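A.B. asks: pasting the sequence and the predicted coordinates here, then a few questions.
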Amino acid sequence: MKPWLSQEFDALFQQIHISGAKVIALAGASKGCGSSTMTLWLAKRCTSGGKKTLIVDFDLSGSGQGYPKALWHPDGTGEENAKISIESNIDLLPQSAQSTTLITFRQPEALQQALERWKRDYDFVICDAGTITHSNWRNLPASSIGSASDATILCIGSTQTNENELLTSIHKLEQSGAVLLGTVINDRNNPSLSAEIIRVLNSKGTLIPHGFRKKISSWLSNNTVLRGDYL
């Protein structure tokens, strides 16, 4: 199943639609909680209706979107050559190889001008803001990106993000004036029982006919008890 077409992402997209947000920042409360992956999935969901979406990779504290840095500047110079077309209607502006770019973006007006420029060409601009609690002097603070965006989504790692990291992240976002639209919990390290059975079925049950495995997987996916909905 494509995760960006799941019920959870539908609910998240509805919140974005209701809020009217066009610039969305995704920030992680802790390292490795999947904010970059969630950024890509959200972009895929936003383009499912034919909308054009730009992903801007500001995540220097992690792997970000995984593409090499490119030379582009805050005023837009070099952007068109730097952009990578991931798929139809999704473009990526990778991390800037110009060391002064993020320093310039520390000035709120510079970041705001860039966001306004991107909004003229795209229906949605999604910023991979990186981790709030693990920043360094080279990074543009995730809370600053959140405050310049229409809405911010906080990513949490199940069994990974601790209470202090969560509360600190929320406090920093509130302090910067960011609009916190909601949270996304990444349960990769704590999958549901149905997800684990399906994983084992697909990896170990290769001798079972594909059609039969597909039927079993569908039943497991729709079983509310195994999904943990009532646990």
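C.D. replies: Right, received. Where do you want to start?
A.B. asks: quick check: closest non-adjacent residue to Thr152.
C.D. replies: Nearest residue to Thr152 in three dimensions, chain neighbours excluded: Gly146, at 3.8 Å (C-beta to C-beta, 6 or more residues apart in numbering). (C-beta placed from N, C-alpha, C; glycine too.)
A.B. asks: helices or strands up against the helix or strand hosting that neighbour?
C.D. replies: Remark: Gly146 resides in helix 142-148, with elements defined by DSSP states H and E. Helices and strands touching helix 142-148, by 3 or more C-beta pairs under 8 Å, 6 or more residues apart in numbering; DSSP states H and E, are strand 23-28, helix 108-121, strand 124-131, helix 163-176.
A.B. asks: what are the ranges of the strands in the protein?
C.D. replies: Assigned strands in the chain, in chain order: 23-28, 53-57, 84-87, 90-93, 124-131, 151-157, 180-186 (criterion: DSSP state E).
A.B. asks: any chance of those strands in a markdown table, plus mean pLDDT, mean neighbour count and distance to Thr104?
C.D. replies: Shown next, in a markdown table, are the strands of the chain (pLDDT from 0 to 100; neighbours: other C-beta atoms under 10 Å; distance: least, C-beta to C-beta, whole Å):
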| stretch | mean pLDDT | mean neighbour count | distance to Thr104 |
| --- | --- | --- | --- |
| strand 23-28 | 94 | 29 | 18 |
| strand 53-57 | 97 | 24 | 14 |
| strand 84-87 | 94 | 13 | 22 |
| strand 90-93 | 97 | 22 | 15 |
| strand 124-131 | 94 | 27 | 16 |
| strand 151-157 | 90 | 24 | 22 |
| strand 180-186 | 84 | 17 | 26 |
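A.B. asks: which one of the helices and strands packed on helix 142-148 lies closest to Lys83?
C.D. replies: Among the helices and strands packed on helix 142-148, the nearest to Lys83 by C-beta to C-beta is helix 108-121 (10.1 Å).
A.B. asks: what's the closest one packed up against?
C.D. replies: Going by 3+ C-beta pairs under 8 Å, 6+ apart, helix 108-121 lies up against strand 23-28, strand 53-57, helix 99-105, strand 124-131, helix 142-148.
A.B. asks: the fourth one to helix 163-176, inter-axis angle?
C.D. replies: Taking axes from the mean of the first three to the mean of the last three C-alpha atoms, to 10 degrees, strand 124-131 and helix 163-176 form an angle of 130 degrees between their directions.
A.B. asks: now for strand 124-131, which elements pack on it?
C.D. replies: strand 23-28, helix 35-46, strand 53-57, helix 108-121, helix 142-148.
A.B. asks: ends of stretch 64-84, how far apart?
C.D. replies: Using C-alpha to C-alpha, to the nearest Å, the span of stretch 64-84 from its first residue to its last is 14 Å.
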